[in-house]
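# dropping the sequence and predicted coords here.
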Amino acid sequence: MSSALKKDHLRIASVNVNGLRAAYKKGMAEWLEPREVDILCLQEVRAPDAIVQELLGEGWFILHAEAEAKGRAGVAIASREEPIATRVGIGDDYFATTGRWVEADYTARNAEGEASQLTVVSAYVHSGEAGTPKQDDKFRFLDVMIKRLPELTKHSDHALVVGDLNVGHTELDIKNWKGNVKRAGFLPEERAYFDRFFGEEIGWKDVHRGLAGNVDGPYTWWSQRGQAFDNDTGWRIDYHMATPALAAAAVSAVVDRASSWDTRFSDHAPLVVDYRL
């Protein structure tokens, strides 16, 4: 394989698998094989390197950060083309072994053969719990993101952060938003970070929202409790966050929502976006 991505479009998928081994037992391979994904970003992998390689199989270049705490977190980027550089961690030693942030740089070429550099990040932000140390860790991680995103803007021609960011930005992103304003995931203090991500200060774009328009959802996560999935009482907490030129190159965004509750391989659905660079 060459190290350049040369198709007329680039398909990047992100999904919190809620444990890769469990996801494969529940049919993840049947989703992935026909989907023609170029770069696959995973969160909550919760498996060692050897298992990740075994389950994904041949034909992938895999970057994986396993959490030091067994059975927790873990993020990965699997790509059909080899990255030109990779990095593990967001830049704060406090999170160095938590398995929440990996970066890969690629050389992308357009139809005319012109090259540009693309950085892709698979990120898993803490779920948090209001008023507890878990929430303190979440805010610290979001603070480091505020520093890291502008650095990525300078580092590459195009930059993309995808993953389970565990915050619904606006009232459109949560079906029952009124009942969640005091809960982690929809706290005003959390949402303010996303105002900064997507505002003038940092200037990145919410790719999925830009393509979907001002509609409810489309949701990417549903509680396992009750009839949340069947009633589409969901949260949109999985994102593609991109630098402006890359966001402008996005041509489609699809949530691969399972046809029924019992055919899901995770409590999250994959978010798949095609980019025409």
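Sure, I can see it.

# what sits closest to Phe158 if chain neighbours are left out?
You called it Phe, but residue 158 is His. Leaving aside its sequence neighbours, His158 sits nearest to Leu246 (Cβ to Cβ, 6 or more residues apart in numbering; 3.9 Å). Yep, even glycine has a C-beta here, placed from its N, CA and C like the rest.

# for that neighbour, which three-state class applies?
helix (DSSP: H, G, I helix; E, B strand; the rest coil).

# that one touches Val162, doesn't it?
No: here Leu246 lies out of contact with Val162, judged by Cβ atoms under 8 Å, at a distance of 11.4 Å.

# and the residue nearest to His158, what is it in contact with?
Leu246 makes contact with 118, 158-160, 275, 277 under the criterion Cβ atoms under 8 Å, 6 or more residues apart in numbering.

# as TSV, those with pLDDT and distance to Pro218 would be great.
Formatted as TSV, the contacts of Leu246 follow (pLDDT from 0 to 100; distance: Cβ to Cβ, whole Å):
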residue	pLDDT	distance to Pro218
Leu118	98	25
His158	98	24
Ala159	98	24
Leu160	98	19
Tyr275	97	18
Leu277	86	24
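
# closest to Thr220 among these?
Leu160 (16.4 Å; Cβ to Cβ).

# quick one: neighbours of that closest one, just the number.
For Leu160, the count of nearby residues is 28 (other Cβ atoms under 10 Å).

# helices and strands around the helix or strand where it lies, which ones?
Using DSSP states H and E, the element containing Leu160 is strand 158-164. Here strand 158-164 touches strand 10-16, strand 39-43, strand 115-124, helix 133-155, strand 238-242, helix 244-248, going by 3 or more Cβ pairs under 8 Å, 6 or more residues apart in numbering; DSSP states H and E.

# reformat these as a markdown table; add distance to Ile84.
Listed next are the helices and strands packed on strand 158-164 as a markdown table, based on distance: least, Cβ to Cβ, whole Å:
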| stretch | distance to Ile84 |
| --- | --- |
| strand 10-16 | 15 |
| strand 39-43 | 14 |
| strand 115-124 | 8 |
| helix 133-155 | 12 |
| strand 238-242 | 19 |
| helix 244-248 | 17 |
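
# show me the contacts for the residue nearest to Leu152 when sequence neighbours are not counted.
Nearest non-adjacent residue to Leu152, counting by Cβ to Cβ, 6+ apart: Ala159, 4.0 Å away. Counting by Cβ under 8 Å, 6+ apart, Ala159 makes contact with 118-119, 121, 149, 152-153, 242-243, 246.

# go again using 10 Å as the cut-off
103, 105, 117-121, 148-153, 204, 241-243, 245-246 (Cβ atoms under 10 Å, 6 or more residues apart in numbering).

# between the contacts of Leu246, which is closest to Trp60?
Set against Trp60, the nearest of those by Cβ to Cβ is Leu118 (17.3 Å).

# just checking, that closest one touches Ile77?
No: the criterion here is Cβ atoms under 10 Å, and Leu118 misses it with Ile77 at 11.8 Å.
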